[in-house]
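Enquirer: A structural model of the following input is requested.
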Amino acid sequence: MTGKKTRVTVRGIEFPSIASMCEHYGITRSRWNDALKRCQNPDEALNRCLEFVPARTKKVIINGREFSSIDEAACCYRLNPCSVYTKMSRNKVSAGEAIEQLVKAKNNLKTKKVKENS
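Expert: This next block holds a predicted model:
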C-alpha cells in the first residue's frame, strides 16, 4: 500500500513529496518526522535536521591529538568503538576520558599477563 504524496515547500523550493525532499537534502524520513514534531514549520525542521551532527562524526581531541570521529580515535588506540560508546554512556564521561580509561585497563591487563607468565 502506498502513502499519499504530500507536496512540501522548504526554503522556497517545492517538492512533489516528502520523500523527494528528504532525498534531496540527504536526510532520513524518520529524522524529518521527528524534527517536524518538535518545530513550528518545515523550514525550521529542515534546519534542525541539517544542523544535527551524529556523535560518530564529532571531532575528538585526545592527548592533544585531533581525530575526525570517535570511531577513528578508537581504531587508532586499537579499541572497539562500541566499547568506547558503552563506557561513555555508563560512566557519563567524554569520549577522551572513555578512551583513556579503556587504554589504561588494556595496559593493566597486559601487565598482569606478563607477570603471570614470568
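Enquirer: for the chain, what are the low-confidence residue spans?
Expert: Applying pLDDT under 70 to the chain picks out residues 1-3, 52-57, 113-115, 118.
Enquirer: Domains in it, by residue range?
Expert: Per automatic domain parsing, the domain ranges recorded for the chain read 8-51, 56-117.
Enquirer: I'd like those as TSV, with mean neighbour count appended.
Expert: Any C-beta I mention is one placed from the backbone N, CA and C, and that applies to glycine too. Below are the domains of the chain laid out as TSV (neighbours: other C-beta atoms under 10 Å):
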stretch	mean neighbour count
domain 8-51	14
domain 56-117	14
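Enquirer: which other residues reach stretch 20-36?
Expert: Applying C-beta atoms under 8 Å, 6 or more residues apart in numbering, the contact partners of stretch 20-36 are 8, 10, 13, 15, 18-19, 42, 45-46, 48-50, 52.
Enquirer: Among those, which lie within helices?
Expert: Among the contacts of stretch 20-36, the members found in helices (DSSP state H) are I18, A19, P42, A45, L46, R48, C49, L50.
Enquirer: Name the nearest residue to the last one, ignoring sequence neighbours.
Expert: What that stands for is L50. Distances taken as C-beta to C-beta, 6 or more residues apart in numbering place Y25 nearest to L50, at 6.6 Å, with adjacent residues excluded.
Enquirer: Adding distance to K110 as columns, could you present the contacts of stretch 20-36 in TSV?
Expert: Below are the contacts of stretch 20-36 laid out as TSV (distance: C-beta to C-beta, whole Å):
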residue	distance to K110
V8	56
V10	54
I13	57
F15	56
I18	53
A19	51
P42	54
A45	50
L46	49
R48	45
C49	44
L50	44
F52	39
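Enquirer: Closest to F67 out of the residues you listed?
Expert: Closest to F67 out of these is F52 (20.0 Å), distances taken as C-beta to C-beta.
Enquirer: what's in contact with the lengthiest helix in the chain?
Expert: Across the chain, the longest stretch assigned as helix under DSSP H is helix 95-117. By C-beta under 8 Å, 6+ apart, the residues outside helix 95-117 that reach it are 58, 60-63, 70, 73-74, 77-79, 83-85, 87-88, 91, 93.
Enquirer: how about 10 Å then?
Expert: With C-beta atoms under 10 Å, 6 or more residues apart in numbering as the test, helix 95-117 has contacts from 55, 58-63, 67, 69-70, 73-74, 76-81, 83-94.
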